[in-house]
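**Q** Kindly return the folded structure for what I paste below:
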Amino acid sequence: MSALTIRTATTEDAQAVARVHVASWRGAYAGIVPDEVLATLDVDAREQRWHDNLADTTVHTWVAEVADRAIGFATLGPARDEDADDGDLELYAIYLSPESWGTGAARELMRTLLAEVPAAARLTLWVFADNDRARHFYKRHGLAPDGVERLEEFGGTHLTEVRYVRTGA
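**A** Numbers count the residues shown, from 1 in each chain. This is a model prediction of the structure:
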């Protein structure tokens, strides 16, 4: 793999982030999220949502690039859970294009993101219970399930998500 660069995303990255987002969902969630849902994911529709997300100054998104091509991204913002305290943060998303899995790019995105989390801050994220690959990745980075779960509906199928937490010092 050519040299990896991690940089702050801008609104001009919306299409690239949307492309990675859709490709990653289709690859990572095959067999977890219903096929009909994955088939309807649309890069153009996600691009507009990502443009708006990237304009939000309360949220920080980083893009991983190789040879000036976005291969991944990670997004961090204020925690949205009902039990969140002021200063708690949430990893909203970390995704790579499937062809970039196993290259170390996700690890570098996570290291970059974690370096921005204040030492005393509580960091949370939500992951599908059946997504063993992601759960292992989060565990390697110091996050663990805290016993809180929720059901999310996708195409008429209810999927369990598990909350992972890293508590600050």
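**Q** only C-alpha atoms for contact and neighbour calcs from this point on.
**A** Noted.
**Q** And the helices in this structure, which stretches?
**A** Secondary structure of the chain by DSSP state H: the helices cover 14-28, 35-39, 43-55, 105-115, 132-140.
**Q** tell me the most buried of those?
**A** Comparing the helices of the chain by mean neighbour count (mean count of other CA atoms under 10 Å), helix 14-28 ranks first with a mean of 21.
**Q** So which residues make contact with that one?
**A** Contact with helix 14-28 is made by 38-39, 41-44, 46-48, 50-51, 54, 63, 70-73, 95-98, 131, as judged by CA atoms under 8 Å, 6 or more residues apart in numbering.
**Q** show me where pLDDT drops low in this structure?
**A** Within the chain, the stretches with pLDDT under 70 are 1, 168-169.
**Q** could you redo the last one with a cut-off of 90?
**A** 1-2, 119-120, 167-169 (pLDDT under 90).
**Q** Mind telling me which residue is nearest the centre of it?
**A** Nearest to the mean C-alpha position of the chain, by CA atoms, centre = their mean, lies residue 93 at 1.6 Å.
**Q** so that one sits right up against residue 63, yeah?
**A** No. Counting by CA atoms under 8 Å, residue 93 stays clear of residue 63, with 11.5 Å between them.
**Q** Mutual contacts of these two, please.
**A** Common neighbours of residue 93 and residue 63 (CA under 8 Å, 6+ apart) are 73, 74.
**Q** if we can go back for a sec, ok, the residue nearest to the centre of the chain - contacts?
**A** Listed by CA under 8 Å, 6+ apart, the contact partners of residue 93 are 73, 74, 75, 76.
**Q** what sits against residue 51?
**A** Going by CA under 8 Å, 6+ apart, the list of residues near residue 51 reads 11, 12, 13, 14.
**Q** let's go with 10 Å and repeat that
**A** By CA atoms under 10 Å, 6 or more residues apart in numbering, the contact list for residue 51 reads 10, 11, 12, 13, 14, 15, 17, 18.
**Q** Based on its surroundings, how many neighbours for residue 141?
**A** The tally of other residues near residue 141 (other CA atoms under 10 Å) stands at 13.
**Q** give the contact list for the nearest residue to it once chain neighbours are set aside.
**A** Using CA to CA, 6 or more residues apart in numbering and skipping the chain neighbours, the partner closest in space to residue 141 is residue 110 (7.9 Å). Residue 110 makes contacts with 62, 73, 74, 75, 91, 94, 104, 137, 138, 141, as judged by CA under 10 Å, 6+ apart.
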